[in-house]
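> the sequence and its predicted three-dimensional model are supplied below.
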Amino acid sequence: MKSFLYRQWILIRHTWPTLAGHLKSGNWSAIYYFSRKALWKVWNLLFSPVGLVLVLVMRLIRPWILIRINVLVSERIGHLAGNTELYLCEQEVGINVPEGRYIDLWYHNWPICNWQLARMWNRVLHVGPRWLLAPVKMVNDLIPGGELHKINSNTQVDVDVHNFMDRFPPHLGFLPKEEERGQIDLQALGIPEGSPFVCLSVRDSSYLNKSVPWKSWGYHNYRDCSIQNYILAAQKLAERGYYVVRMGAVVQEAINLEHPMIIDYATNGMRSEFMDIYLAAKCSFSIVGNAGFEAVPYIFRKPIVYTDHVPLGMIRTDSERLISTTKKHWLRDENRFMTLREILQSDIGFSWHSSLYENMGIDLIESTPEEIAAACLEMDERVNGNWQGSKEDDELQRRFWEMFPKTEFHGEIRALIGTDFLRRHNAGLD
């Protein structure tokens with residue numbers, strides 16, 4: 001109880017100056033967020049007696065059935081998709097499964113980033129109301145012995161170290177009425193029935209800055225990419241018969257191109273939370289520039305091209321459906337690019353904060369449109385069985401993965417590095 005009260009005191013101490021600043025500046029969206037969070041905490045305290053009764057019931061019936069509770073990371077789409085899918089995969093093989101009879105109860109955190117995805121998980125999991133289960137979890141965490149009643153984290157949170165994505169089909173599916181709606185909306189977007197399409201999702205700082213303006217997200221800026229660098233890839237794919245759908249809930253800029261087969265869904269006023277999920281689930285493959293949205297096509301087992309992924313040491317490696325490239329790392333003091341070996345053998349290959357790159361004097365340089373297009377066209381050819389690599393290309397792949405650090409974040413490595421990328425950087429493998 002003391003540790004709980006101490007944590008709340010620390011939270012108040014850190015939150016109040018921030019809230020005072022928002023009050024002074026009139027940032028009403030931030031004030032609403034803090035007020036809503038505060039009301040939830042008050043609610044949890046008011047309902048703690050009910051929570052206590054239910055916790056005691058849980059403890060009493062434990063010899064016959066174990067009830068476990070946890071909260072879904074519903075405020076971030078990457079975690080709502082990836083964490084939850086991997087939990088279900090681990091359940092399939094008996095990981096994080098207690099002995100005897102049990103039932104796992106979940107509730108959604110607030111705010112929910114995508115209601116369609118939440119509804120689909122509600123059909124698969126035992127999801128209860130937050131107003132009831134949050135106080136139960138709070139009381140359970142306070143009373144000794146509560147660990148047994150908490151659903152444990154996945155082996156590596158949202159990282160598939162067991163290669164489950166190649167072993168099990170997706171746990172989510174669409175209802176017949178959703179399939180019908182999806183096909184109608186695809187045609188409304190301008191995609192004829194049966195036509196192949198690709199999802200394009202490129203990260204900029206707009207989404208978090210607008211949706212969560214009360215927090216500073218600058219430490220993520222090293223992941224940002226320019227959508228304009230992807231125009232050539234989109235044009236090349238359109239020439240091959242693909243429609244290209246630019247994804248995004250909030251984006252910094254529109255695509256500087258008008259093309260009947262390149263659809264700026266993020267800015268054309270036709271975006272919906274339902275179609276965000278439907279498009280990701282039905283695309284031929286997805287192109288992702290450091291965006292959290294990648295977890296949605298990922299859990300539907302769609303091939304993905306990860307362009308300019310940083311940090312390099314943390315690329316997804318668990319499936320043969322994945323191709324990755326990374327940004328170039330320019331050393332300002334030495335006036336040169338780092339080699340791939342230098343990146344992977346230094347801390348920068350695992351750095352998740354913009355300040356770390358700045359402190360080491362490293363500028364992250366995005367790939368050229370030609371380099372991005374090459375990776376995307378390679379995926380097209382691999383998906384359609386038309387890829388023709390050489391023995392030299394196979395050797396480049398072998399050399400890269402031979403030097404790739406094998407950490408706890410990687411299971412069996414099955415992914416690929418973009419072939420054109422390796423050809424351009426083969427000297428960096430020595």
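Perfect, thanks for sending it.
> look up the closest residue to D420, ignoring the ones flanking it.
Closest residue in space to D420, ignoring its immediate chain neighbours: A374 at 3.6 Å, by CB to CB, 6 or more residues apart in numbering. (C-beta placed from N, C-alpha, C; glycine too.)
> quickly find the element holding that neighbour.
Here A374 sits within helix 369-383, counting by DSSP states H and E.
> and that helix, how far out from the chain middle?
Relative to its chain's centre, helix 369-383 lies at 22 Å (CA atoms, centre = their mean, to the nearest Å).
> over to stretch 238-251?
In terms of CA atoms, centre = their mean, the centre of stretch 238-251 is set 19 Å apart from its chain centre.
> CA-only coordinates of it, as CSV, when you get a sec.
The C-alpha trace of stretch 238-251 is given here as CSV (Å, rounded to 0.1, in the frame of the first residue of the first chain):
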residue,chain,number,x,y,z
ALA,A,238,1.0,1.2,-60.4
GLU,A,239,2.7,0.3,-63.7
ARG,A,240,2.7,-3.3,-62.6
GLY,A,241,-1.1,-3.2,-61.9
TYR,A,242,-1.2,-2.4,-58.2
TYR,A,243,-3.3,0.3,-56.6
VAL,A,244,-1.3,2.0,-53.9
VAL,A,245,-3.1,3.2,-50.8
ARG,A,246,-1.3,5.7,-48.6
MET,A,247,-2.4,5.0,-45.0
GLY,A,248,-2.5,7.3,-42.0
ALA,A,249,-4.9,8.8,-39.4
VAL,A,250,-3.0,12.1,-39.2
VAL,A,251,-0.3,13.0,-41.6
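> in it, which residues are buried?
If you call a residue buried by 16 or more other CB atoms under 10 Å, then stretch 238-251 has these buried ones: 238, 242-249, 251.
> tell me the two of the residues you listed that are most distant?
Maximum pairwise distance among the buried residues of stretch 238-251 (CB to CB): 23.9 Å, between A238 and A249.
> how many neighbours does the nearest residue to P260 once chain neighbours are set aside have?
Leaving out its chain neighbours, the residue that sits closest to P260 by CB to CB, 6+ apart is G190, at 7.0 Å. Counted with other CB atoms under 10 Å, the neighbours of G190 add up to 16.
> distance of G190 from I263?
Using CB to CB, to the nearest Å, G190 is found at 6 Å from I263.
> shared neighbours of the two, anything?
Counting by CB atoms under 8 Å, 6 or more residues apart in numbering, the shared contacts of G190 and I263 are Y243.
> residue ranges of the strands in the protein, please?
Ranges of strands within the chain are 66-72, 102-108, 197-202, 243-246, 262-263, 285-289, 304-306, 322-324, 328-331, 336-337, 362-365, 416-417, based on DSSP state E.
> circling back: go through the helix holding A374 and flag the buried ones.
Those would be 369, 371-380, 382-383, for helix 369-383 by 16+ other CB under 10 Å.
> show me what contacts the residue nearest to D420?
Residues in contact with A374, defined by CB under 8 Å, 6+ apart, are 418-421.
> ok, it to S195 distance?
Counting by CB to CB - A374 and S195 are separated by 24 Å.
> just the pLDDT at P111, thanks.
pLDDT recorded at P111 is 87.
> quote the end-to-end distance of stretch 350-361.
By CA to CA, to the nearest Å, the extent of stretch 350-361 from end to end equals 16 Å.
> give me the distance from it to the chain's centre.
21 Å.
> who's in contact with that stretch?
218-222, 310-311, 313-314, 331-333, 347-348, 363-364.
> check which residues of that stretch are buried.
For stretch 350-361, burial by neighbour count (16+ other CB under 10 Å) applies to 350-351, 354, 356-357, 360.
> outline the domain layout of this structure.
According to automatic domain parsing, the chain comprises the domains 2-166, 181-429.
> columns distance to L175 on top of the ones you listed, output as JSON lines?
Shown next, in JSON lines, are those (distance: least, CB to CB, whole Å):
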{"stretch": "domain 2-166", "distance to L175": "8"}
{"stretch": "domain 181-429", "distance to L175": "9"}
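> where are the low-confidence patches of the stretch 151-300 of the chain?
For the stretch 151-300 of the chain, applying pLDDT under 70 flags the ranges 205-220.
> pull out the buried members of the contacts of stretch 350-361.
220, 222, 310-311, 313-314, 348, 364.
> identify the farthest-apart pair in those residues.
Greatest spatial distance in the buried ones among the contacts of stretch 350-361: H220 and G313, 17.3 Å, computed using CB to CB.
> okay if I get the buried residues of stretch 238-251 as TSV plus distance to D185?
Shown next, in TSV, are the buried residues of stretch 238-251 (distance: CB to CB, whole Å):
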residue	distance to D185
A238	20
Y242	18
Y243	13
V244	17
V245	11
R246	16
M247	14
G248	17
A249	16
V251	19
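> closest to M138 out of those?
Among those, A249 lies closest to M138 (CB to CB), at 30.6 Å.
> for that closest one, grab phi and psi.
phi -80, psi -40 (degrees, to the nearest 10).
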